[in-house]
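>>> Build me a structure from this.
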Amino acid sequence: MKQIIELNVNGESYTVAVNPWQTLNEVLREEINLTGVKLGCGSGDCGACTVMVDGRAVSSCLSLAVEMVGKEIMTVEGMAPSGEELHPIQESFVKKGAIQCGFCTPGMELTALNLLNNNPSPTYNEIREALAGNLCRCTGYKKIIEAVGAAGQKMKEASERKTS
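Take a look at the predicted model:
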């Protein structure tokens, strides 16, 4: 039997009817039509379904939608909510050529956001470790790691300008 729940996604409220066993991934894609979140493995191993929940990266394929009531959910679409300009991470991925087919990109970018929110100046190895749960079948990760490092630097500089 479906239940009516309210989800806060990218700063907007959505009222949806869901089955208790439906994952957050299914609801985001099928009910709210946010297709930036992907479904890769369905078992939390590939990172393609990564979203932010209350400021923390989680696998939406392993999270039940009914457990997300009252939480702040952000998908890749929420990284640049105006649609006018890209988030520094997204911009860096484009500039550094870190996007191949694009399937893994949303999960990579949200994982990078999680890292940079907690560690604004990560080392190469810290970036590699943070991205270890995100699989890309197109590239050797070098450009992705470079993009995350460049985005971190840009975000840090922007933050320093705001505080001075």
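>>> How about the contacts made by the residue nearest the centre of the chain?
Among the residues of the chain, the one closest to the centroid is residue 110, at 2.6 Å (C-alpha atoms, centre = their mean). When contacts are counted by C-beta atoms under 8 Å, 6 or more residues apart in numbering, residue 110 touches 50-52, 57, 74-76, 79. Every residue, glycine included, has its C-beta placed from N, CA and C.
>>> Can you say which helix or strand has it in it?
Assessed by DSSP states H and E, residue 110 sits inside helix 105-118.
>>> Who's the closest spatial neighbour of the residue nearest to the centre of the chain, skipping the chain neighbours?
residue 50 (4.6 Å; C-beta to C-beta, 6 or more residues apart in numbering).
>>> Run a quick neighbour tally on the one you found.
29 (other C-beta atoms under 10 Å).
>>> and it, what does it touch?
Here residue 50 is in contact with 37, 57-60, 106-108, 110-111, 134 (C-beta under 8 Å, 6+ apart).
>>> you'd agree residue 48 is in a helix?
No. Counting by DSSP: H, G, I helix; E, B strand; the rest coil, one finds residue 48 to be coil, located in no helix.
>>> Could you double-check that it sits in contact with residue 36?
No. Between residue 48 and residue 36 there is no contact under C-beta atoms under 8 Å: 10.4 Å.
>>> Can you name every helix or strand that the lengthiest helix in the chain contacts?
When the chain is parsed with DSSP state H, its longest helix is helix 142-163. Applying 3 or more C-beta pairs under 8 Å, 6 or more residues apart in numbering; DSSP states H and E, we find helix 142-163 packed against helix 88-95, helix 105-118, helix 124-130.
>>> can I see the domain layout of the protein?
Using automatic domain parsing, the domain parsing of the chain gives 3-78, 88-163.
>>> and the end-to-end length of stretch 50-60?
6 Å (C-alpha to C-alpha, to the nearest Å).
>>> So what touches stretch 31-38?
Outside stretch 31-38, the residues that reach it (C-beta under 8 Å, 6+ apart) are 7, 9-10, 14, 16-18, 25, 28-29, 48-51, 60, 75-77, 103-104, 106-107.
>>> From those, keep the buried residues only.
For the contacts of stretch 31-38, a burial check counting by 16 or more other C-beta atoms under 10 Å picks out 7, 9-10, 14, 16, 18, 25, 28-29, 48-51, 60, 75-77, 103-104, 106-107.
>>> how close does residue 134 sit to residue 24?
17 Å (C-beta to C-beta, to the nearest Å).
>>> neighbour-wise, which of those two wins?
Neighbours per residue, other C-beta under 10 Å: of residue 134 and residue 24, the larger number sits with residue 24, 29 against 24.
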